[in-house]
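Student: Following is a predicted model, sequence given first.
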Amino acid sequence: QAYLMELMQRPEILYASTSFNTNYPQYEIDLNVPRAKEAGISVSSILGTLQGYIGSIYAADFARFGKQYRVFVQALPEDRATVDDLSSLFVRNDQGQMAPITEFVELKRVYGPQSVTRFNL
């Protein structure tokens, strides 16, 4: 913020802003592919599990009261609020057994903007 204030002191800059916010939680996922393959778990299975519980997955549509509704699968907000909640996620291997997803992923705290916009796409 101090840097932006200094920029705005310059006569050629009318207004300076940034979407960079260190308070916005971001994590980089380091996926241990060899360990996952050794356990009989595909990378797409791990990423699909993360997407479904932390993000969301479109499941179906249904009609009720004359309206069409979309169904999305996602964990409750309180079940995905902290990094420690990741330890409650499991992924199925090729023998049908469940393994904790934390055996195959490691999170690293990173900093950056919430979203990146580009001029002219």
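Tutor: Sure, I can see it.
Student: Quick one: the helices in the protein, in order.
Tutor: 2-8, 33-38, 43-54 (DSSP state H).
Student: Find the one among these with the highest mean neighbour count.
Tutor: Of all the helices of the chain, helix 43-54 carries the top mean neighbour count, a mean of 16, counting by mean count of other C-beta atoms under 10 Å. Yep, even glycine has a C-beta here, placed from its N, CA and C like the rest.
Student: Can you check the pLDDT for residue 116?
Tutor: Looking at residue 116, its pLDDT is 74.
Student: Okay, it and residue 18: tell me how far apart.
Tutor: 11 Å (C-beta to C-beta, to the nearest Å).
Student: one step back: compare the helices of the chain and give me the one nearest residue 98.
Tutor: helix 43-54 (10.5 Å; C-beta to C-beta).
Student: what's the closest one packed up against?
Tutor: Contact partners of helix 43-54 among helices and strands, from 3 or more C-beta pairs under 8 Å, 6 or more residues apart in numbering; DSSP states H and E: strand 26-31, helix 33-38, strand 90-92.
Student: These: which one's closest to residue 73?
Tutor: strand 90-92 (15.1 Å).
Student: And the closest one, what's buried?
Tutor: residue 91 (16 or more other C-beta atoms under 10 Å).
Student: Who are the packing partners of it?
Tutor: So strand 90-92, by 3+ C-beta pairs under 8 Å, 6+ apart, packs with helix 43-54, strand 98-100.
Student: residues in contact with that strand?
Tutor: By C-beta atoms under 8 Å, 6 or more residues apart in numbering, the residues outside strand 90-92 that reach it are 41, 45-46, 49, 98-101, 104.
Student: can you redo the residues you listed as a markdown table with pLDDT and distance to residue 73?
Tutor: A markdown table is the format used below for the contacts of strand 90-92 (pLDDT from 0 to 100; distance: C-beta to C-beta, whole Å):
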| residue | pLDDT | distance to residue 73 |
| --- | --- | --- |
| 41 | 94 | 20 |
| 45 | 92 | 15 |
| 46 | 94 | 16 |
| 49 | 91 | 11 |
| 98 | 94 | 18 |
| 99 | 93 | 20 |
| 100 | 93 | 20 |
| 101 | 93 | 16 |
| 104 | 95 | 21 |
